[in-house]
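*Asks:* my questions are about this predicted structure, shown below with the sequence.
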Amino acid sequence: MIFHKPSQPARPTIADRLAFLVMFLATAVIVHHSWHARAFQLDDALIYQRYFYNFYAGKGLVYNEGVHFNGLTSPLYAYLMLVVGFFIRNLQHAAVVVFTGCLTLASWLLFRFGLRRGDGLGTAIGVLIGVSLPYYYLTLGMETALFLMLIAACLCLYQDARYGWLAVAGALLILTRGEGVFLLAALGLAHLVERRRWPSWRILIAPAIILALHYSFNRYYYGAFIPETGSAKIWQGQSGLWGTEKPLFVYADYLLDWTFLGHLWFFLLMVGLAGFGLLSTLRRSWYILLFAGMYAAFYCVLNIPNYHWYYSALYLTLTWYAGIGLVTLCTRFVEIDLLQTKQALISAVLSLACAGVLVHYILARVNVSNGPSVAYQEAGTWMNSHLPADAKVATSEIGTVGFYSQRYIIDILGLVNPNNARYIGERRFEAWLNDYHPDYFLVHVPMWPGEVAVQHQLEQGKLWTRADFNMGTLKLYCRAGQQDCQPLGSTSVKTPWNMRIYERGSDQLPAHSARMGGGTVNQVTQDGATLHLAGELAPGYKAPGMVLLALPGMPVQSTIIGADQEHPEDPHFGIDLRFQNEADATAAARSWCAAVQGPGGIVALLSTVRPPCDRLL
């Protein structure tokens, strides 16, 4: 049996010395960006913070007081934040400290791993590129930086053959995000391929104790061994509310704007460099590529929605190997008849020059100075001041609203309430009203597909409105007869911009509706299984960077292709509705037109919708 000793550090080269300078620059960028992003509050991050706030307020580690429901996706992150929060009681500041410290440690551990493999400069450049772009800072308040730090720690411990500590780090990695098990599986396979000697089984004792203590606490305190959020995300993917095209995980084009400065060429450059870096180091990097593949396959197979923090391990791999690819390309470029020392120096300087141009381009355009969602923060603050302390509020986005309102929250999508996620996964969008009886309903204008139950309550006259709640893109309804609420009045006021679709030959209203915020649909054309809708916004209607047409309950996904992001003053928009087959698209178009042109007040209700229906009917 061949036993491979852990790699030993070689004598530092010129490139290695320069790499340390790059790493110090990367650390400075992390601190700079973290400081400018210190006010950023991701909606899901504030779900964590409400748990922590309640814990320090003596209400227990719960989201809603008295309800022991486990919505903490990352238990280790929660434990770490509780410890840091003991010393830094401002939870936002504590989150910034944890994020900055973990991202810095992740960067240096990854650099150490690359340095001992002979990829020190490439790894340092990859780290610098990664921390310069805005992606990491859009995950502030989440467990992302801790997850990446433990990934890098596991790689270093495997490299050093320190298996006892690797087992402990692996247990912590799983407690941070369960997907960490794929890295451990990849390292285990690498161990077999490299024919390393298996360590004693005793190294499993410590991680077994750690995991047993945590899961025992979960079972005792929450009544279940694992958090409910894992299954909730799977149910969300099955609901169709995030789209019907599978897998959802591959539809991440929004990250082009969020992460890669909105430039396709920049993303393709990163992919090209990373591909070259992986190919040039494949013999020593294959298990890292295997981990990335299993990680992505997990999200694709389960069709989990494409939340941006789920891409962290893939983003780390992309930027890391883009740096290695850049250095490799520069080295190949200067392979000429020079002394080896001069060749190494020229290669290192050329790599740094290219990296410098790239990073300067990034830093000149990136902006990480974001705060909380203003609309949700204002709504939460208003409810904290105006609603009774025991009021129960149902809503779809619970993080910011819940944190600032400090009211009992019923999550329509089921992240912090039992059963709701399963209901939407089964497309029983109104079933949650049988389990929960909120006093207030906070919904979007126009309503989101998942809020269809509120729409139906509204149309049945069961809801009144809080006239003094005026938040533009949000609307607050309450139970009919509720104190401080007012009747809605006529139907035309009750359901603005709402059109009911009648199935031809049916006397019953189906469980879906089409809604559009103030505007006209001027053209409807069909191309196979796709309907193309074109129109323009009403004068004075301000769309928040997009136009949304929702058809809840129908097998259709809305793809936003307008309004024009670069010319927001342009009122024209276009939307493609993709159905499962051509027959479904034809039936939808005909029922739409029949509803608009038919009797029953539909035209009066939505008089500005004028689809040309003669050909379709």
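*Replies:* Arrived safely. Numbers count the residues shown, from 1 in each chain.
*Asks:* every contact and neighbour count from this point should use C-alpha atoms.
*Replies:* Noted.
*Asks:* gap between Glu426 and Asp527?
*Replies:* 30 Å (Cα to Cα, to the nearest Å).
*Asks:* which of those two has more neighbours?
*Replies:* When Glu426 and Asp527 are compared for neighbours, Glu426 comes out ahead with 15 against 11, by other Cα atoms under 10 Å.
*Asks:* can you pull the contacts of Leu363?
*Replies:* If a contact means Cα atoms under 8 Å, 6 or more residues apart in numbering, then Leu363 has 132-133 as its contacts.
*Asks:* tell me the confidence at it?
*Replies:* We have a pLDDT of 70 for Leu363.
*Asks:* same check on Leu192?
*Replies:* 89.
*Asks:* just to check, Leu115 is in contact with Asp16?
*Replies:* Yes: under the criterion of Cα atoms under 8 Å, Leu115 is in contact with Asp16, at a separation of 7.3 Å.
*Asks:* between these two, what contacts are shared?
*Replies:* Jointly contacting Leu115 and Asp16 under the rule Cα under 8 Å, 6+ apart are Leu121.
*Asks:* so after the helix or strand harbouring Val96, what's the next helix or strand?
*Replies:* Here Val96 sits within helix 91-116, counting by DSSP states H and E. Next along the chain after helix 91-116, taking DSSP H and E as the criterion, comes helix 120-132.
*Asks:* now do that following helix, average pLDDT.
*Replies:* Computed over helix 120-132, the mean pLDDT rounds to 92.
*Asks:* still on that earlier bit, the helix holding Val96 to helix 120-132, inter-axis angle?
*Replies:* With axes from the mean of the first three to the mean of the last three Cα atoms, to 10 degrees defining the directions, helix 91-116 sits at 160 degrees from helix 120-132.
*Asks:* now for helix 91-116, which elements pack on it?
*Replies:* The contact analysis (3 or more Cα pairs under 8 Å, 6 or more residues apart in numbering; DSSP states H and E) places helix 91-116 against helix 14-36, helix 45-56, helix 75-87, helix 120-132, helix 144-159.
*Asks:* out of these, which one sits most buried?
*Replies:* Per-stretch averages of neighbours, counted by mean count of other Cα atoms under 10 Å, single out helix 120-132 among the helices and strands packed on helix 91-116, with a mean of 28.
*Asks:* output the contacting helices and strands for that one.
*Replies:* Counting contacts by 3+ Cα pairs under 8 Å, 6+ apart, helix 120-132 is packed against helix 14-36, helix 91-116, helix 312-333, helix 340-363.
*Asks:* tell me which of those sits nearest to Ala206.
*Replies:* Nearest to Ala206, of all these, is helix 91-116, at 22.7 Å by Cα to Cα.
*Asks:* next, format the helices and strands packed on helix 91-116 as JSON lines and append distance to Asn419.
*Replies:* Output for the helices and strands packed on helix 91-116, formatted as JSON lines (distance: least, Cα to Cα, whole Å):
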{"stretch": "helix 14-36", "distance to Asn419": "37"}
{"stretch": "helix 45-56", "distance to Asn419": "18"}
{"stretch": "helix 75-87", "distance to Asn419": "21"}
{"stretch": "helix 120-132", "distance to Asn419": "39"}
{"stretch": "helix 144-159", "distance to Asn419": "27"}
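*Asks:* of all the ones you listed, which one is nearest Gly223?
*Replies:* Set against Gly223 and scored by Cα to Cα, the helices and strands packed on helix 91-116 come closest in helix 75-87, at 15.1 Å.
*Asks:* what's the angle between the closest one and helix 144-159?
*Replies:* Between helix 75-87 and helix 144-159, the angle formed by their directions is 120 degrees, by the same axes, to 10 degrees.
*Asks:* so which elements touch helix 75-87?
*Replies:* Using 3+ Cα pairs under 8 Å, 6+ apart as the contact definition, the elements that helix 75-87 packs against are helix 45-56, helix 91-116, helix 163-176.
*Asks:* which of those sits closest to Val29?
*Replies:* Of the helices and strands packed on helix 75-87, nearest to Val29 by Cα to Cα is helix 91-116, at 9.9 Å.
*Asks:* what's the mean pLDDT across the helix holding Val96?
*Replies:* The predicted model gives helix 91-116 an average pLDDT of 96.
*Asks:* got the buried residues for that helix?
*Replies:* 91-116 (16 or more other Cα atoms under 10 Å).
*Asks:* check stretch 476-488 too.
*Replies:* Neighbour-count burial for stretch 476-488 flags 476-480, 482, 485-488 (criterion: 16+ other Cα under 10 Å).
*Asks:* which among those residues gets closest to Tyr136?
*Replies:* Each of these was scored against Tyr136 by Cα to Cα, and Leu476 proved nearest at 33.8 Å.
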